[in-house]
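Q: Build me a model from this:
(chains A and B)
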Protein chains: 2
Amino acid sequence: MPIEIPDVVIDRLPLYYRLLTRLEAEGRGVISSHELGGELGVTPAQIRKDLSYFGRFGKQGRGYSVQRLAQELRLILGLNRRWRVVVVGIGRLGRAISSYPGFEGQGFDIVGRYDANPAVAGTSIDGQEIRDARHLEADLSAAPADIGIVAVPAEYAQDVVDTLVRGGVRAILNYTPARVQVTANVELKHINPVVFLQSMTYHLKLTARSRA
Amino acid sequence: MPIEIPDVVIDRLPLYYRLLTRLEAEGRGVISSHELGGELGVTPAQIRKDLSYFGRFGKQGRGYSVQRLAQELRLILGLNRRWRVVVVGIGRLGRAISSYPGFEGQGFDIVGRYDANPAVAGTSIDGQEIRDARHLEADLSAAPADIGIVAVPAEYAQDVVDTLVRGGVRAILNYTPARVQVTANVELKHINPVVFLQSMTYHLKLTARSRA
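A: You can find the predicted model right below:
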């Protein structure tokens, strides 16, 4: 049984992975925890500690093999397979998400797009049909998905999440400002731009010049 | 001079704040670190440690005053004032961001919307003019902004960020998959859905049923 890794560590791994795949593409062989930390704004000690959860990579004073570390992170993060994603809510935001160019190359296949608006359901986006949201649960029974992205108006978020979970989806990315509930066996992340802005204003406030 | 607070702590404060304002609206007087932690998926010890950076809130065994803690976090995060935000790139994503209902109530005023596409510049969204991106730097000189949200195609991201920084913007929220560079005095956050999905697949992989 794997040991419990803190979520803050898990959340940093995709950033390590992203940097390492870039270095790999650039042909870099070895990288130090110092340089990794510098690129990512994390201390070298933190890098070593984070990676130590997953076994021994690299040798003291020799740095990490970029290729081996990237490959290990690919396995750790489950990126050596493809994941099926459905997007629910094809308004402005859902359209932007559906068209995001970064998913496919990273193993995330958008296999379904749903909207409850009768004027939207039945139309298509990027050549893919937008299905009526009424079909979501039945569709998931017929062809399961791993991840649901929720971009509906906030008041419908919980209903959609419940439907996704009933349909067997085990990870939800919630783009709505709604606070939704899931059972403990379902992964839930929120993307709320206000939360990002608020952690930046802490720093802005410290350096703010007074304005006349 | 303030002591250095780890970024992971700063990043959690908006989540505390969000929960506390909800509890405040519900009329709750006091909350324990245990209950705060339960709501947020953080240990009570972590809550106490995070808040201890900012002075002494609450008394051992008595819990925190919801109202006082919310008010302190408002001051710590700089949310007791209004912040001027410009959005650059009014495609699908930029439109969704511009219309996000959560900004204004939290003190973030979108004061400018910019796009380089001549077919988009000069049109309006939600009754607000979309300005030609060529005017961005001059507009910022005339009327500074605090925060820039970047939702342009990835290949233009660095140019837009440079223009924002030249115009005096000190915090950038980058919605593009591009890795952009800023000087140390500028705050930079990325919203990249792939990074969120990748930290969820770590958990999914651990519980994945094998599929025939």
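Q: surely residue A:163 meets residue A:137?
A: Yes: counting by Cβ atoms under 8 Å, residue A:137 is a contact partner of residue A:163 at 5.3 Å. In short, each C-beta sits where N, CA and C put it, glycine included.
Q: Settle it for me: which of these two has more neighbours?
A: Remark: of residue A:163 and residue A:137, residue A:163 carries more neighbours, 18 against 15, as counted by other Cβ atoms under 10 Å in any protein chain shown.
Q: That one falls within a helix, correct?
A: Yes: checked against DSSP: H, G, I helix; E, B strand; the rest coil, residue A:163 lies within a helix.
Q: And it, how close does it get to residue B:186?
A: With distances taken as Cβ to Cβ, to the nearest Å, residue A:163 is found 42 Å from residue B:186.
Q: any low-confidence regions in chain A?
A: Within chain A, the stretches with pLDDT under 70 are A:1-3, A:57-60, A:208-212.
Q: so where do the strands sit in it?
A: Using DSSP state E, the strands of chain A run over A:30-31, A:64-65, A:83-88, A:108-115, A:124-125, A:128-129, A:131-132, A:147-150, A:171-174, A:187-190.
Q: so of the ones you listed, which one's packed in deepest?
A: Compared across these, strand A:147-150 shows the largest average neighbour count, a mean of 27 (mean count of other Cβ atoms under 10 Å in any protein chain shown).
Q: Pull up the gap between the residue nearest to residue A:80 when sequence neighbours are not counted and residue B:205, please.
A: Excluding the flanking residues, the one nearest residue A:80 by Cβ to Cβ, 6 or more residues apart in numbering or on different chains is residue A:74, at 5.1 Å. Separation of residue A:74 from residue B:205 (Cβ to Cβ): 11 Å.
Q: The residue positioned nearest the centre of chain A - nearest residue in space that isn't next to it in sequence?
A: Central residue of chain A (Cα atoms, centre = their mean): residue A:173, 7.4 Å from the mean position. Nearest non-adjacent residue to residue A:173, counting by Cβ to Cβ, 6+ apart: residue A:149, 4.7 Å away.
Q: That neighbour against residue A:175, yeah?
A: Yes: shown here, residue A:149 and residue A:175 form a contact pair, counting by Cβ under 8 Å, at 6.8 Å.
Q: Can you give me the buried ones in stretch A:152-169?
A: A:152, A:154, A:156, A:157, A:158, A:160, A:161, A:163, A:164, A:165, A:167, A:169 (16 or more other Cβ atoms under 10 Å in any protein chain shown).
Q: What are the boundaries of the helices in chain A?
A: Taking DSSP state H as the criterion, chain A carries its helices at A:7-25, A:33-40, A:44-52, A:66-76, A:92-98, A:136-142, A:157-166, A:193-207.
Q: Centre of the chain to the fourth one, how far?
A: Put plainly, it is helix A:66-76. Relative to its chain's centre, helix A:66-76 lies at 18 Å (Cα atoms, centre = their mean, to the nearest Å).
Q: got the contact list for that helix?
A: Contact with helix A:66-76 is made by A:13, A:16-17, A:20-21, A:23-24, A:28-31, A:51, A:54-55, A:57-58, A:79-80, B:202, as judged by Cβ atoms under 8 Å, 6 or more residues apart in numbering or on different chains.
Q: ok, now stretch A:29-38?
A: A:16, A:19-20, A:23, A:42-48, A:58, A:62-67, A:69.
Q: now these: which count as buried?
A: Among those, those scoring as buried are A:16, A:19-20, A:23, A:42, A:46-48, A:58, A:63-66, A:69 (criterion: 16+ other Cβ under 10 Å).
Q: How many neighbouring residues does the closest residue to residue A:41 other than its chain neighbours have?
A: Nearest non-adjacent residue to residue A:41, counting by Cβ to Cβ, 6+ apart: residue B:7, 7.5 Å away. Close neighbours of residue B:7, defined as other Cβ under 10 Å, add up to 14.
Q: separation between residue B:7 and residue A:202?
A: According to Cβ to Cβ, residue B:7 stands 10 Å off from residue A:202.
Q: Same question for residue A:22.
A: Residue A:22 is 29 Å from residue A:202, where distance means Cβ to Cβ.
Q: Neighbour count: these two, which is higher?
A: More neighbours surround residue A:202 than the other of residue A:22 and residue A:202, with 21 against 14 (other Cβ under 10 Å).
Q: how near is that one to residue B:12?
A: Going from residue A:202 to residue B:12 by Cβ to Cβ gives 11 Å.
Q: swap in residue A:170?
A: Applying Cβ to Cβ, the value for residue A:170 to residue B:12 is 25 Å.
Q: Likewise for residue A:7?
A: Residue A:7 is 11 Å from residue B:12, by Cβ to Cβ.
Q: Quickly list the domain ranges of chain A.
A: Here the domain parsing of chain A from automatic domain parsing is A:7-76, A:83-194.
Q: so can I have JSON lines of those domains showing distance to residue B:106?
A: Converted to JSON lines, the domains of chain A look like this (distance: least, Cβ to Cβ, whole Å):
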{"stretch": "domain A:7-76", "distance to residue B:106": "23"}
{"stretch": "domain A:83-194", "distance to residue B:106": "5"}
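Q: and the gap between the closest residue to residue A:139 other than its chain neighbours and chain B?
A: Nearest in space to residue A:139, with sequence neighbours left out and distances taken as Cβ to Cβ, 6+ apart, is residue A:112 at 6.2 Å. Residue A:112 sits 15 Å away from chain B, going by Cβ to the nearest Cβ, to the nearest Å.
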